[in-house]
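Student: let me see the structure of the following:
(chains A and B)
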2 protein chains.
Amino acid sequence: MKKDTNRPAAHPRVIIVGAGFGGLRVARGVRGAPLDVTVLDKHNYHTFIPLLYQVATAGLEPEAIAHPVRRIVTAPNVRFRLACVTGVDLENRLVHSDSGEFPYDYLVLAAGSVTNFFGLDSVARHAATLRELDEAETVRDRVLASFEAAAAEQDVDRKRALMTTVIVGGGPTGVELAGALAELHRHVLPRDFPELDVSKARILLLEASDRLLETMPERMQRKALEKLREMGVDVQLGTRVTDADEGGVTLEDGRRIDAGAVVWVAGMRASPLAQVLNIPLRAGGRVAVARSLNLPERPEVYVIGDMAHAGGPESAGYPMLAPVAIQQGVLVAANIMRQTESKKPRPFKYKDPGTMVTIGRASAVARVYGVPVSGFLAWVLWLTVHIVWLIGFRNRALVLVDWAWNYFTYERGVRLIRRRS
Amino acid sequence: MKKDTNRPAAHPRVIIVGAGFGGLRVARGVRGAPLDVTVLDKHNYHTFIPLLYQVATAGLEPEAIAHPVRRIVTAPNVRFRLACVTGVDLENRLVHSDSGEFPYDYLVLAAGSVTNFFGLDSVARHAATLRELDEAETVRDRVLASFEAAAAEQDVDRKRALMTTVIVGGGPTGVELAGALAELHRHVLPRDFPELDVSKARILLLEASDRLLETMPERMQRKALEKLREMGVDVQLGTRVTDADEGGVTLEDGRRIDAGAVVWVAGMRASPLAQVLNIPLRAGGRVAVARSLNLPERPEVYVIGDMAHAGGPESAGYPMLAPVAIQQGVLVAANIMRQTESKKPRPFKYKDPGTMVTIGRASAVARVYGVPVSGFLAWVLWLTVHIVWLIGFRNRALVLVDWAWNYFTYERGVRLIRRRS
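Tutor: Here you go, the predicted model:
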């Protein structure tokens, strides 16, 4: 592997691994500073993960929630490199990648999280997931291809199975996906498939615990459950999936559910990059960091967002959410600049803005700075926050066109099957 | 294989193979007629092929030029089936597919064309092409990934090679692709890649004959050549590619051109489906049809568009263009209805509306009902025709947003690398 020597390092070199919410915020925070900054990511685009479920349900095209990193990273002292990071040599301060080695003076690991299958290999092999753009497109392809197969199927039981989608995991992603899918079933698919009785189609949302949306206030949990059931989603609490194959899932109690598509959104764990560091990991494979978000033994190495576990070993760590990564990114940019001035890095304090979960058309549940909100108001709030939040005008315009179109016509434009499995 | 018996055949059964411009026009023409119609396609979407080059150059997202067939085919007597047709039993009037067998009383073959590599296997293996949505995305991925690789490359020659794109074929597709790529090089990539000297990047357009745009008036051919050269495209006429590998192409005269991406748009031939019919084929593998567009020996079988060769063996056949397929589709719908009433099918007469080729920003050459037009006027004409032509309001709105955005900002929003090869 050759070393990256494109530019002389007149300033301290900062390598940021990951162009997610956290990594990009660090890059933004050090714009114009006397630092030589390189952002590495395996994709040349930033993915707006909170809206992946809309790609999965044909509401948005993948391009609407992906933004070229080189468009975002535009400061003269910040550059981007398309690179898949394979390891870090903490001793010699080197990042290894498929695109060469990158020496650093400061390192920010912000590679996010991956799906956690909790050791269920058959599920990992057969279920679709929802953490990457391609995966969202795969969910869309599988659901639509199953309905196409149902249209060609003569056997009544097989037909019904093909019209069944199983979503595993009752967290925000599972709830939003189930809601959006229910709308697709109700408003779009009956028109698309006049030869099918779409009212016989099923959406199952399976959750191992006894409630949806663990982190929401109890009243919001109940509202979400009611709303989903009202929309025709078969929510089954206390239901644990133990096995999956091409035709469906098997539950802990031995029950079998045949399905055309199975989507696993039951958990996340830190990016596998955390494991190659040879440092202590906490629950979910997250890296234990100091309160100032760097490694206690390596103050020049920061870990943020889903990859990081701040707080003592007994704490649950901050939730794996964009606002945490963003706030940590802001702090880390400041902390690196403090370090270059020989000042002590500051500790992280999370200001919880709350969470929002949309449930289909014109309905949502939210907790905004501790205050529970639900219904149409919560949905308008959700819409506004997400539109403002989406990086880049063009994506905002695209998403607005799509959403306005969907809202007034009950239509989903992007129901293409790009790859048949 | 099971037979498709979803519905009793109270009316004559019409099977349309292909949801391109021709097939969809037939489906539209028989809406509401006493016919039981099924449209088969291997994709669940119609591809607006004339704009593939814009997807390939990051100007449009793939979804903007793809439209769900089930949205277009909405009449009660017309249905859609996702099926890859593998053969036709002309004797027993059966279409074979990966989704079952379809008996017919009337058959319309409208499966279009594929890339013609003229037996150059190495080119078929290594060059990208531009006939399908996925292929357009692949061209985009390859060009952008090559620039990313150039950014990581230390060797000056390799760097330059990675910034080189070779387009083979000086027909409308090659000219439009070269023009759009030149604009990407000029307005977008220098900003995206400040670490590269993009002025050293090359676009080569290689054409085996002595002129571009064979079917255009000579004045337009010269204008296109001038315009492309003015935009920095290295147009080489009388230049024949004989070999390709991962790193570039070899020419007939032994010259070697190293390139990061090679796109082959030098020819088309009829869909391979034509070959399984066991009937005489003409130049380009097209099916010889009667003037009424059906098979002389099998009047119930129609072949239209790129797959069909109408006129005597000595004629060149109609050009492989959307207007031909559309006009033939209109006639075939009428002819089938005439046949059900025991009337003689009518012969096809082509009303040539002309052709238009856009060359980058605000410039085009056109021949409109025989009148040559060029420059800004031709471009506005081109824009209008394509916007009106795009099926479906949503796609029109999307394309308008994208085009307006591109026009005023010199920006290309969709420069994502979805798959690295």
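Student: distance check, the residue nearest to the spatial centre of chain A against chain B.
Tutor: Nearest to the mean C-alpha position of chain A, by CA atoms, centre = their mean, lies residue A:49 at 4.0 Å. Between residue A:49 and chain B the distance is 15 Å, computed by CB to the nearest CB, to the nearest Å. The way it works is simple: take the backbone N, C-alpha and C, and place the C-beta from them, glycine included.
Student: so the nearest residue to residue A:76 once chain neighbours are set aside: helix, strand or coil?
Tutor: Leaving aside its sequence neighbours, residue A:76 sits nearest to residue B:194 (CB to CB, 6 or more residues apart in numbering or on different chains; 7.5 Å). For residue B:194, the assignment made with DSSP: H, G, I helix; E, B strand; the rest coil gives coil.
Student: now residue A:326
Tutor: helix.
Student: count of neighbours near it?
Tutor: 21 (other CB atoms under 10 Å in any protein chain shown).
Student: related to what we said a few turns ago, what confidence value was assigned to the residue nearest to residue A:76?
Tutor: Note on residue B:194: pLDDT of 94.
Student: thought it was touching residue A:80?
Tutor: No. The pair residue B:194 and residue A:80 fails to qualify as a contact (CB atoms under 8 Å) at a distance of 9.9 Å.
Student: the more surrounded of those two?
Tutor: The residue with more neighbours, out of residue B:194 and residue A:80, is residue A:80; 27 against 14, by other CB under 10 Å.
Student: looking at this, that one is in a strand?
Tutor: Yes. Judged by three-state DSSP, residue A:80 forms part of a strand.
Student: now do the contacts for the residue of the stretch 151-300 of chain A found nearest chain B.
Tutor: Nearest residue of the stretch 151-300 of chain A to chain B (CB to the nearest CB) works out as residue A:192 at 4.2 Å. By CB atoms under 8 Å, 6 or more residues apart in numbering or on different chains, residue A:192 lies in contact with A:147, A:415, B:68, B:70-71.
Student: how about residue A:223?
Tutor: Residue A:223 touches A:365, A:374, counting by CB under 8 Å, 6+ apart.
Student: can you rerun that using 10 Å?
Tutor: By CB atoms under 10 Å, 6 or more residues apart in numbering or on different chains, the contact list for residue A:223 reads A:212-213, A:216-217, A:359, A:363-365, A:372, A:374-375, A:378.
Student: with residue A:237 instead?
Tutor: Here residue A:237 is in contact with A:170, A:205-212, A:225 (CB under 10 Å, 6+ apart).
Student: out of these, which comes closest to residue B:302?
Tutor: Using CB to CB, residue A:205 comes nearest to residue B:302 of those, at 48.3 Å.
Student: can you tell me the SS state at that closest one?
Tutor: Quick answer, by three-state DSSP: residue A:205 is strand.
Student: that one: neighbour count?
Tutor: For residue A:205, using other CB under 10 Å, the count is 29.
Student: same question, residue A:105
Tutor: For residue A:105, the count of nearby residues is 17 (other CB under 10 Å).
Student: thinking again about what came up before, in helices, which of the contacts of residue A:192 appear?
Tutor: Among these, the residues falling in helices (DSSP state H) are A:147, B:70-71.
Student: could you write me a PyMOL select line covering just the buried ones among these?
Tutor: In PyMOL, this line selects whichever of the ones in helices among the contacts of residue A:192 come out buried by 16 or more other CB atoms under 10 Å in any protein chain shown:
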select buried, (chain A and resi 147) or (chain B and resi 70+71)
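Student: possible to save the ones in helices among the contacts of residue A:192 as JSON lines with distance to residue B:347?
Tutor: Listed next are those as JSON lines, based on distance: CB to CB, whole Å:
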{"residue": "A:147", "distance to residue B:347": "41"}
{"residue": "B:70", "distance to residue B:347": "33"}
{"residue": "B:71", "distance to residue B:347": "33"}
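Student: residues touching the nearest residue to residue A:89 once chain neighbours are set aside, list them.
Tutor: Closest residue to residue A:89 apart from its sequence neighbours, by CB to CB, 6+ apart: residue A:96 at 6.8 Å. Counting by CB under 10 Å, 6+ apart, residue A:96 touches A:1, A:83-89, A:102, A:276.
Student: count of residues packed around the closest residue to residue A:250 other than its chain neighbours?
Tutor: Spatial nearest neighbour of residue A:250, chain neighbours left out: residue A:243 (4.0 Å); criterion: CB to CB, 6+ apart. Each residue near residue A:243 was counted by other CB under 10 Å, and the total is 15.
Student: in the host helix or strand of residue A:227, what counts as buried?
Tutor: According to DSSP states H and E, residue A:227 maps onto helix A:218-230. Neighbour-count burial for helix A:218-230 flags A:220-221, A:223-225, A:227-228 (criterion: 16+ other CB under 10 Å).
Student: least confident of those residues?
Tutor: residue A:220 (90).
Student: and the nearest residue to it once chain neighbours are set aside, helix, strand or coil?
Tutor: The shortest distance from residue A:220 to any non-neighbouring residue, by CB to CB, 6+ apart, is to residue A:365 (4.2 Å). At residue A:365 the chain is in strand, as set by three-state DSSP.
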